[in-house]
Every structure is written in structure tokens, then in C-alpha cells.
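In: Got a predicted structure plus its sequence, pasted below:
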Amino acid sequence: MHFNFLAILFLLYFDNSISRDEDESNRLRRRQSTNPSDSSAAEEEPTHRIYVKYGTGKRSKIQKKLQQRSNEIRMHYDFKDMRTFVLTVTEKEMKELKKDPNVEAMVDDPKRWPLYIPESAKRHHRKLQNEEMQEVPYGIDMVQSEQAWEYGATGQGVKVCVVDTGVYEHPDLTNVSGPNSPLAFDQDGVGHGTHCAGTIAADNNEFGVVGVAPDAEIISVKVFSDDGLYAYSSGILSAARKCADLGANIISMSLGGPLPNVLEIFGYQSLLNQGIITVAAAGNFGNRLWSYPASYPKVISVAAIDQNKMKASFSQSNLQVDISAPGVDVLSTLPGEGKCDICESIGRYEYGTLSGTSMACPHVAGVLALLMSKFDATSQEYIDAIEQSAEDLGEDGKDREYGYGLVQAYQALEYLDEASSRSNTISIKSNPTSAPTNAPTNAPTRVLTDAPVDAAIEEPIHLNSISKDQTISKDKAISCDDDEMLFDFKLAIDKDASEISWNLKGQSDHGMSFTGSLSKSNEDVHMRTCIPNSCYIFTIIDSSGDGIKAIYEVLVDGNILKDNIGRFLSEDILSFGCGEYTLPVEFNEN
């Protein structure tokens, strides 16, 4: 039955109704028409919720235009560092924005949902808070939490931010804080956020249950309204940034949706650069679809397994799955009072079991909290620790079903201890009560240079993942199959070629992926190949971050997506085939 429910959610994704998670403080209010018939017509006009990225130095011009047209435009978020506004616009205004030379990119603002199976909710056999005993959920032992506690890692001094439906006051959750804007952090009309928080950090006391990292602090940022239907990606990204402002070390996101947004990638990349690790649920469709934000490269994607360490039937299986954790019939905390959909479905118990990759995600967030409470390390070193120490399940090595395998807290601690002898960035904490330092990695100084004025494009070259017989001469006519598109990439560079690399990554298992790089100066590249129809993100990178002299062009089916006769800094990105209804998305980092 849950598959029917999830199919309905998938279809709801394409509903363009306006979100209830708007940030009212940043909103341009719609002016009311004095003519009732005009007002009615305006309300009936189709609207679209979109990210609008403006060019460098164009902020004031875009702001002025938005203010002038506030009767037709609503602002939800202002991501100033990303040069991006999130707006709801009419069809007319969307067309005008597409023509605006100050606008660099536009892309849909997709919806996300809590990733649990509503039909899986079960009451526990007793109200644990009324018994003078504590029950240890099976997942706690499965991820080696108790062994980690004996090692001296309990999550103390670590802040885990739960971006969810809220975390309700509960006797087993005594270290919870959060903001009351735009939604009150301690209200949970679904029960989902309270359940996830309990898995992470329910107290180790004499009653109820216990979490993976019982001494960790929970920060609750509520993004779903009390109906729990959906939130927009922009609201979730805003919540994640709020987590960072509140000092979070880890962000737990038991949520997701089927479509990517290229601008989101930079939001999560920025969080990781600040030393903040984002963990997200892999998805509950039981197929190979990619779910987001879990499938972004800077986010840990968590699949669900059962008590027998078998993949849950609903859990996504795809190339982006990083690791697995218990996600079937997971016992945890629930709100005991007030509106709570899950509680009402099982008879008002303060503890209950749920299933979903939503339930697997907080196990991994909790394990990371254990590591951070014992060791100082970089974000990547914490991630390497849980991946390299995981219990391998399924096929040998990393696979689609389990990723690297079942997360193991004690083994990860041992991994970091051993790695500390050969790394100057890993050390045992001298003060276990202090929060992890994890200072942000400073971006390299960037220097713009002049681009070459002309350069010849040579014949195709062999790329890492494409054989020579797959690339096609620029002079040879080609017709791709109906389920394919023609990808055409040209690059010319005059110096520092070894610093330049690029990759095309399909955002689904059937999409093609390849990488390439230059080995010598004054080298030209031209490759053409048919690729399966899919959503793709293309990235070109200058590893030194000091700017390059280059000309490059990207075409799909003969249409120019990017014509860069000039320069970019450390990274340039564009997407195509992802359902954009406006401009091809490109990003040139500040």
C-alpha cells in the first residue's frame, strides 16, 4: 500500500501550488487589486516557484525590478552569497525574467517529502515511560553504539540539526533547542521529526529508549507544516543554512524528492566546506531513481536494512547510495500530546516503530556524532571513517543496494585512531565536552586572467570513460537514437593545462558519466558522443582556483548551452535534461 501512497506523492511534485514554508520577513507582498474581477483573474493565473540567479553586480537592478512588479511576484528567500532569489512568479513574469540580461540562470524549486512509510507505524507493547526500565532498539546494537560508549564516545559536545517536522517535548529528549521562525521548532504535528531525533539522541536513562549518541545536542529546524505533506527545496536549504548559523556539526535530513536542482549543490557544498556534514535518506520507491538531496555529491545517502541486515524492499538502490543503516520497524520517541498523525494512528503511545529510509538516516547522523565527540578530524576524514569501516553487505565492495555497507561506530572509531598515526589532522579530543572545531576550508585566492582571443579545435580525444569508437569526428554527421541526445564539448586552453579537468555526470543509473583532463599546455579538445536521455550535470574545474585562460563550448542536440569565450574561476557548472522549463542552468562561482 505504501507504494501507492508514494506514487501519489511523486505526482504531487508537479503541482505548482505555493508552499506554506515561505519566509514572511523576506517576502514582497502582493498588492491587492481594487477591482475584484482583476484580483480573481490574477489568482487564477498559473504560477511557478523558481530559483533566479542574477549576474555579478546585478543585484540592485534585479531587486528594483522585483519591487516594481511585487503585485505579480512573491519572494521566498534571498540567498545573497549564491546571488539567488527564490520567487513565485506568474507565466508573464517568468517570460520577462527569461529575457532579462541581468538574469544568469533560472530553475524549478522542487518539492521534498518526509521519507517514512505511514502504514508501517506500530504502537509499542507498553508505554515505556511508565516503566522503570529502558529498552535498547535493535539498531543501536547493530551500529555498535554501546561499544562506542565504552570507547568514550557518547556524542557529548556535538550538535545534530534535525531538519524535519519539528521535535516535540518528550521525557526522553531533554537536550533540544531550535528557532521558532518560520515554524516553531518544538511543534510536531506528524511525529516524524520527534521519532528521528530519538534515534539520534534519546537519553540514556532508566526508561524509554536510548539513541545512538545519547549525549548529543539536538537542534530542531522545522520545515514541514503540521500536515507534513511537503516542503520546497529552497525552504530546506534555508533550514540547513540556519542549522549552520546555530552551530550544527551534522545535519540530518530524513526527506527527499525525485528531481535535482543544480543550485542546491552549491548550498550543500558550502556546508561541507564549513565542516558540516549533511546526511539524507536515500528514498522509498524501491527502485533505482535518485532522490535529492541524498544523491548530491556532497551529501551522504543512506539506504535502509532490516534486523537481518537485508535491504528493505522500499529502499532505493542506485549508484549514489553511500551507506546503510537500520530502517525497518525502528523503535523511537513520539509526541505524547497535541496533534500528531502517527501517534493518532497507533493510539497515543509516546513510543512506536516506523519504517523508511527516514529511520536509517538518523542512525548514521548519530554515528557521526559519536566520532566527532571523540576525535578532531576534517569532514572528509569522518566520512572516510564510516565508509571504510562499514560492514560489507551484498556484493563485494560498494554496491547499489548497501553502498559501502552497514555503518559501524566502534570500527569507525578504531579507523580514526589508526589513521591519527599517519595524519596531522586527526587527533583524540583533549576536551570531550567541547564541540568539534572543524574550521571551514578557506577558498584559494582567485586571480582573473585574460582569455585567448582565438584557438583551433582539434579532433576528438580519448576520455577516461569513453572509448575512441564512442566519440565522433566533428566533421562526421551523426544521428542519435530516439532515447539519446548528442553531447558536444569543445575546449581550448593555452597554459596550465594540467590544472583543468571536467566531468559529465548522469543523475540516474541509466545516465552516462565520464571524466577528462588535460596533460599538456596548448592542448585542444573536441569530443562528440550520443548519451542516453537523462538529467546531467556538467562541471569544469580549475584545481588551483586561480582562474584559467580558456575557450569552451557545450552543445546538446546542436543547441548551445554554454559559450564561454573568456574565463572562469575555480569551477563552472551547468545542467541539462533535468526538466528545466526556463533557462539552461549555469553557475560561475564568485
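Out: That came in fine, so what should we check first?
In: Show me the strands in the stretch 151-300 of the chain, by range?
Out: Secondary structure of the stretch 151-300 of the chain (DSSP state E, counting those that start in this stretch): strands at 159-164, 176-177, 208-209, 217-222, 231-232, 250-253, 255-256, 277-281, 299-305.
In: could the ones you listed be laid out in TSV, adding mean neighbour count?
Out: For the C-beta atoms, the positions are set from N, CA and C on the backbone; glycine is no exception. What follows is the strands of the stretch 151-300 of the chain, written out as TSV (neighbours: other C-beta atoms under 10 Å):
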stretch	mean neighbour count
strand 159-164	30
strand 176-177	16
strand 208-209	26
strand 217-222	27
strand 231-232	26
strand 250-253	32
strand 255-256	31
strand 277-281	29
strand 299-305	29
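In: Take those strands and write them to CSV, including distance to Asp524 and mean pLDDT.
Out: Output for the strands of the stretch 151-300 of the chain, formatted as CSV (distance: least, C-beta to C-beta, whole Å; pLDDT from 0 to 100):
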stretch, distance to Asp524, mean pLDDT
strand 159-164, 46, 98
strand 176-177, 56, 98
strand 208-209, 62, 94
strand 217-222, 49, 98
strand 231-232, 43, 96
strand 250-253, 43, 98
strand 255-256, 41, 98
strand 277-281, 39, 98
strand 299-305, 36, 98
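In: which one of the ones you listed lies closest to Asp78?
Out: strand 231-232 (14.7 Å; C-beta to C-beta).
In: from the chain's centre, how far out does the helix or strand containing Glu104 sit?
Out: Element membership for Glu104, per DSSP states H and E: strand 103-108. In terms of C-alpha atoms, centre = their mean, to the nearest Å, the centre of strand 103-108 is found 19 Å from the chain centre.
In: please begin residue numbering at 860 from this point
Out: Shifting the count to begin at 860 puts that one at strand 962-967.
In: Glu1065 and Asp1188, how far apart?
Out: 24 Å (C-beta to C-beta, to the nearest Å).
In: of these two, who's got more company?
Out: Asp1188 (18 against 9; other C-beta atoms under 10 Å).
In: hang on, that one packs against Thr1212?
Out: Yes - counting by C-beta atoms under 8 Å, Thr1212 is a contact partner of Asp1188 at 4.5 Å.
In: Might you report the residue contacts of the residue lying closest to Gly1057 once chain neighbours are set aside?
Out: Leaving aside its sequence neighbours, Gly1057 sits nearest to Thr1192 (C-beta to C-beta, 6 or more residues apart in numbering; 3.2 Å). Thr1192 is in contact with His1029, Asp1031, Leu1032, Thr1053, His1054, Ala1056, Gly1057, Ala1061, Gly1067, Val1068, Glu1209, Tyr1210, counting by C-beta atoms under 8 Å, 6 or more residues apart in numbering.
In: likewise Lys1170?
Out: Ala1162, Ala1163, Ile1164, Ser1176, Ser1183, Leu1252, Gly1253, Glu1260, Tyr1261.
In: Tell me the bridge partners for the second one.
Out: Read it as Ala1163. Under DSSP bridges, the beta-bridge partners of Ala1163 are Ala1184.
In: what's the closest non-adjacent residue to Ser1434?
Out: Setting aside the residues directly before and after it, Ser1434 is nearest to Val1121 in space (C-beta to C-beta, 6+ apart), at 4.2 Å.
In: Look up how far Ser1113 lies from that neighbour.
Out: 23 Å.
In: more crowded one of those two?
Out: Just comparing Val1121 and Ser1113: by other C-beta under 10 Å the higher neighbour count belongs to Ser1113, 31 against 26.
In: Which residue, neighbours along the chain excluded, lies closest to that one?
Out: According to C-beta to C-beta, 6+ apart, the nearest residue to Ser1113 is Ser1217 (3.5 Å).
In: quick one, helices of the chain?
Out: 861-871, 895-903, 918-927, 950-958, 997-1001, 1004-1010, 1051-1060, 1092-1104, 1121-1132, 1200-1205, 1216-1233, 1238-1247, 1268-1278 (DSSP state H).
In: Which pLDDT value does the model give the nearest residue in space to Ser1372 that is not next to it in sequence?
Out: Nearest residue to Ser1372 in three dimensions, chain neighbours excluded: Lys1364, at 4.8 Å (C-beta to C-beta, 6+ apart). Predicted confidence (pLDDT) for Lys1364: 81.
In: The nearest residue to His1222 once chain neighbours are set aside and Ile1410: what is the separation?
Out: Once flanking residues are discounted, His1222 sits nearest to Ala1184: 3.7 Å by C-beta to C-beta, 6+ apart. Applying C-beta to C-beta, the value for Ala1184 to Ile1410 is 47 Å.
In: And those two? Which one has more around it.
Out: More crowded of Ala1184 and Ile1410, by other C-beta under 10 Å: Ala1184, with 30 against 21.
In: give the contact list for the more buried one.
Out: 998, 1001-1002, 1161-1164, 1219-1220, 1222-1223, 1226, 1265-1266.
In: give me that answer again for 10 Å
Out: Going by C-beta atoms under 10 Å, 6 or more residues apart in numbering, Ala1184 touches 998, 1001-1002, 1058, 1071, 1138, 1161-1164, 1216, 1218-1226, 1245, 1249, 1262, 1265-1266.
In: ditto for Leu1275
Out: Leu1275 neighbours (C-beta under 10 Å, 6+ apart): 1012, 1230, 1233-1236, 1240-1241, 1243-1245, 1248, 1282, 1285-1287.
In: mind checking pLDDT for Thr915?
Out: Confidence score, pLDDT, at Thr915: 87.
In: what's the answer for Ala1409, then?
Out: pLDDT, read off for Ala1409, is 63.
In: where does the stretch 860-1009 of the chain have low pLDDT?
Out: The stretch 860-1009 of the chain contains residues with pLDDT under 70 at 860-903, 984-990.
In: that older thread, the helices of the chain: which one's closest to Ala1153?
Out: helix 1216-1233 (8.1 Å).
In: Let me know the angle separating the closest one from helix 1051-1060.
Out: Counting by axes from the mean of the first three to the mean of the last three C-alpha atoms, to 10 degrees, helix 1216-1233 lies at 40 degrees to helix 1051-1060.
In: buried residues in helix 1216-1233?
Out: 1216-1233 (16 or more other C-beta atoms under 10 Å).
In: How far off centre is that helix?
Out: Worked out by C-alpha atoms, centre = their mean, helix 1216-1233 lies 16 Å from the chain centre.
In: what's the answer for stretch 1033-1052, then?
Out: 21 Å.
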